[in-house]
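Student: Test case, fold it:
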Amino acid sequence: MTTSHGQMPDLRTIDTLPALFQYRCNTTPAREAYRWFDAPSNQWQSFSWSDMQQAVATWSQAIGNLQLERGARIATLLTHSVHAICIDQAGLAQGCVTVPLHANDNPGNIAFILADAGASLLLVNRLEAWQKIAATGTPLPALRCVVVDDPNQPAIETGASGADGAVALRVVRLQDWLQESGSADAVTESKPVQSAQPQDLAAIVYTSGTTGKPKGVMLSHRNVMSDVKAVLGRVVPTQDDVFLSFLPVSHTFERTCGYYLPMAVASTVVYARSVAQLAEDMLAIRPTILVSVPRIYERIYAKIQEKLAGAAFKRTLFAAACSKGWERHCEAHGLANKDAPQGGLARLLPWSFLQKRVAQPILDLFGGRLRIAVTGGAAIPPVVSHSFLGLGLQLVQGFGMTETSPVLTANSLEHNDPSTVGKPLAGMEVRIGENKELQARGPNVMVGYWNRPEDTQKAFTDDGWLKTGDQAEIIDGEVRIVGRIKEIIVTATGEKVPPGDIEQALCADPLFEQTMVVGEHQPFIACVAVVNREEWKQLAASHGLDPDNSVSLQAPAVRKAVLQRIENLCHGFAKYAVPRAVQLVTEPWTVDNGLMTPTLKLRRPQLMQKYAGEIAAMYAK
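Tutor: Have a look, this model is predicted:
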């Protein structure tokens, strides 16, 4: 089967992840599978599928020597790398279940997950990270071996003694662990490994809830493979495509779309050195496909706005290119263009001129040959999606959650309406339930929550549909997300306001790094905003204020200017939803200070508690 985007692989007989890996290695052994930057040698290293097959065999032997029971859990605390692929595939080949951990999570949460999952093996990127986990004092009776993936780590003691003097837990360097796997002394007579079955668990992925302890989402091989096949029915990468990967493999969105999907079609995955070096890597790698969360596109857009701030003519040309390009996009995709034209008389310039002078230089920032830019994990602000689509970036938005493996709906290159999250993928069904909740069912829906039967029962309706927790509308088969059930603010006047939409709109301004909208049972909407340091310096200087004096943040002139920005950013919202008061702060909200989840969602209860005094003061005024 072929599409306008490439050759569809024949996956009809493949229903487990080990089978997918072997299919790819046997079908295209010489093609480049992965490329990553090796820091010790300061060079990019390339791996073919044949290389990967050999490496996974070595890792599989090392796991086999541990004599783990079928279904044993293997936890991974890694940055994105080829080693994350090796441990995942080797563990699955041994009948084990992967438990991916967020590298930016705090030690207490990680220790909880290791204990809750009963992990037998942990692969960690630094010895220090393991030491912090151990220091929490959380009992980990199932854990037998900790492997440290750090080439600069000196030799480690081979074990830690238990109360009876026996070795209870072994901590070992990765290079030593793999080297031992092939030695005559280390190799044990492995138990015969039964091939993975579609109904077997492939992973337990813990969701970082904004309140309470994380829950382990159980995903089977059937869940994941059905999602991979369904995504291929909407957008088909090719063998010639190059993915630039920078999201952690602990993120289900990245696991499916940036790991298993390119494996299915033999695309090459290049691992970016870091988010900080992403701009440089895009220019060097020149990817054709980028899988990202909205924040990356928002940051690029904010940087563009920052550069245009002092250049009126260029700003006018940019507005004209975005506006005229968006109009062209709407015509091509049969969409109603409700946006007012921008750019003034510059819109009279021919598109060929605007494309060459404005659009192409911006597209070149992505490497110049990006043909698909996938965004998911959260909603993207309309001003950002409209601008990039207008400039010619094929930005495709989808929707899903860890519990749906994760992609449930998606737009396509042929019909791309950014005001929706597209239609359900093949084999998946959606409906609107009580309180406008979007509900789903299909082969991609999770088995349940690990060791939490009551939570599993609450996650489904009586007739077996998964409750997504999102409010939505379905129009002509397309899903439009309108808010979160648990995150709807009800003001004292009875107005219902989805804070996420406003927060996304505000973050389009480079002044705001992070925002939280408040107003529950209050007479009006307000917000707390973390300012970008450089932008704040410029704003303070324009009013003759000292940016290092915290009093300047609440100066009347600053408040007036910021509220005017907020009003401009929220021009498309109902008047009652526009924040009428603002509290500026400089301390970023991070995972380390407990104000963000590992997947970078706001921990609203903690933020409300931290800024209780400031919020009360806004309403007292």
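
Student: from here on, contacts and neighbour counts on C-alpha atoms
Tutor: Will do.

Student: starting at the chain centroid, how far to stretch 65-81?
Tutor: Stretch 65-81 sits 22 Å away from the centroid of its parent chain (Cα atoms, centre = their mean, to the nearest Å).

Student: what's the span of that stretch, first residue to last?
Tutor: Distance between the two ends of stretch 65-81: 24 Å, counting by Cα to Cα, to the nearest Å.

Student: Enumerate the positions of that stretch that are buried.
Tutor: Under the neighbour-count criterion of 16 or more other Cα atoms under 10 Å, stretch 65-81 has 65-66, 68, 71-81 buried.

Student: Ok, stretch 456-466 next?
Tutor: Buried residues in stretch 456-466, counting neighbours by 16+ other Cα under 10 Å, are found at 456, 459-460, 465-466.

Student: Output the buried residues of stretch 65-81 as JSON lines; include the columns distance to W351, pLDDT and secondary structure.
Tutor: Shown next, in JSON lines, are those (distance: Cα to Cα, whole Å; pLDDT from 0 to 100; DSSP: H, G, I helix; E, B strand; the rest coil):
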{"residue": "N65", "distance to W351": "64", "pLDDT": "95", "secondary structure": "coil"}
{"residue": "L66", "distance to W351": "63", "pLDDT": "95", "secondary structure": "coil"}
{"residue": "L68", "distance to W351": "63", "pLDDT": "95", "secondary structure": "coil"}
{"residue": "G71", "distance to W351": "58", "pLDDT": "97", "secondary structure": "coil"}
{"residue": "A72", "distance to W351": "59", "pLDDT": "98", "secondary structure": "coil"}
{"residue": "R73", "distance to W351": "56", "pLDDT": "98", "secondary structure": "strand"}
{"residue": "I74", "distance to W351": "54", "pLDDT": "98", "secondary structure": "strand"}
{"residue": "A75", "distance to W351": "52", "pLDDT": "98", "secondary structure": "strand"}
{"residue": "T76", "distance to W351": "49", "pLDDT": "98", "secondary structure": "strand"}
{"residue": "L77", "distance to W351": "48", "pLDDT": "96", "secondary structure": "strand"}
{"residue": "L78", "distance to W351": "46", "pLDDT": "91", "secondary structure": "coil"}
{"residue": "T79", "distance to W351": "42", "pLDDT": "82", "secondary structure": "coil"}
{"residue": "H80", "distance to W351": "40", "pLDDT": "78", "secondary structure": "coil"}
{"residue": "S81", "distance to W351": "41", "pLDDT": "85", "secondary structure": "coil"}
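
Student: Show me which of the residues you listed is closest to A321.
Tutor: Nearest to A321 among the buried residues of stretch 65-81: H80, at 36.1 Å, using Cα to Cα.

Student: domain assignment for this protein?
Tutor: Domains of the chain are assigned by automatic domain parsing as 11-184+233-290, 488-620.

Student: Just the mean pLDDT for the shortest one, thanks.
Tutor: Looking back up the chat, that one is domain 488-620. The average pLDDT for domain 488-620 rounds to 91.

Student: what about Y34, how many residues close to it?
Tutor: Close neighbours of Y34, defined as other Cα atoms under 10 Å, add up to 23.

Student: try T468
Tutor: Other residues lying near T468 total 19 when counted by other Cα under 10 Å.

Student: One more: the one 4 residues further on?
Tutor: A472: 23 surrounding residues under other Cα under 10 Å.

Student: One more: A492?
Tutor: Number of residues near A492 (other Cα under 10 Å) recorded here: 13.

Student: One more: V99?
Tutor: Neighbour count of V99, defined by other Cα under 10 Å: 26.

Student: and it, what element?
Tutor: Assessed by DSSP states H and E, V99 sits inside strand 97-100.

Student: ditto for V482
Tutor: strand 478-484.

Student: Kindly report the same for A111.
Tutor: In this structure, A111 sits in helix 107-117 according to DSSP H and E.

Student: same question, F47
Tutor: strand 43-48.

Student: Check which helices and strands that strand sits against.
Tutor: strand 32-38 (3 or more Cα pairs under 8 Å, 6 or more residues apart in numbering; DSSP states H and E).

Student: so which of the domains of the chain is the most packed in?
Tutor: A comparison of these by mean neighbour count, using mean count of other Cα atoms under 10 Å, puts domain 11-184+233-290 on top with a mean of 19.

Student: For that one, measure first residue to last.
Tutor: Domain 11-184+233-290 has an end-to-end distance of 23 Å (Cα to Cα).

Student: what's the spacing between the nearest residue to I380 once chain neighbours are set aside and P381?
Tutor: Spatial nearest neighbour of I380, excluding adjacent residues (Cα to Cα, 6 or more residues apart in numbering): P294 at 5.3 Å. According to Cα to Cα, P294 stands 8 Å off from P381.

Student: go on, A203?
Tutor: Applying Cα to Cα to A203 and P381 gives a distance of 32 Å.

Student: For P262, list the residues it contacts.
Tutor: P262 sits next to 237, 243, 268-269 when contact means Cα atoms under 8 Å, 6 or more residues apart in numbering.

Student: Between those residues, which has the least confident prediction?
Tutor: Minimum pLDDT for these is recorded at P237 (95).

Student: Was I right to think that residue contacts A264?
Tutor: No - in this structure P237 lies outside contact range of A264 using Cα atoms under 8 Å: 9.2 Å.

Student: For the residue nearest to I380, which residues are in contact?
Tutor: P294 neighbours (Cα under 8 Å, 6+ apart): 375-380.

Student: Out of those residues, the closest to E478 would be?
Tutor: A379 (15.3 Å).

Student: part of a helix, is that closest one?
Tutor: No - applying DSSP: H, G, I helix; E, B strand; the rest coil, one finds A379 to be coil, outside a helix.

Student: Apart from its chain neighbours, what residue comes closest to it?
Tutor: Spatially, and ignoring its direct neighbours in sequence, A379 is nearest to P294 (6.9 Å; Cα to Cα, 6+ apart).

Student: Kindly report the same for R286.
Tutor: With Cα to Cα, 6+ apart as the criterion, R286 has its nearest non-adjacent residue at 4.1 Å, and that residue is G367.

Student: Check F21 too.
Tutor: Setting aside the residues directly before and after it, F21 is nearest to M263 in space (Cα to Cα, 6+ apart), at 7.2 Å.

Student: in what helix or strand does that neighbour lie?
Tutor: Per DSSP H and E: M263 is located in helix 261-265.

Student: elements contacting the very next helix or strand once past that helix?
Tutor: Remark: after helix 261-265, the chain's next helix or strand is strand 268-271, criterion DSSP H and E. When contacts are defined as 3+ Cα pairs under 8 Å, 6+ apart, strand 268-271 sits against strand 32-38, strand 242-245.
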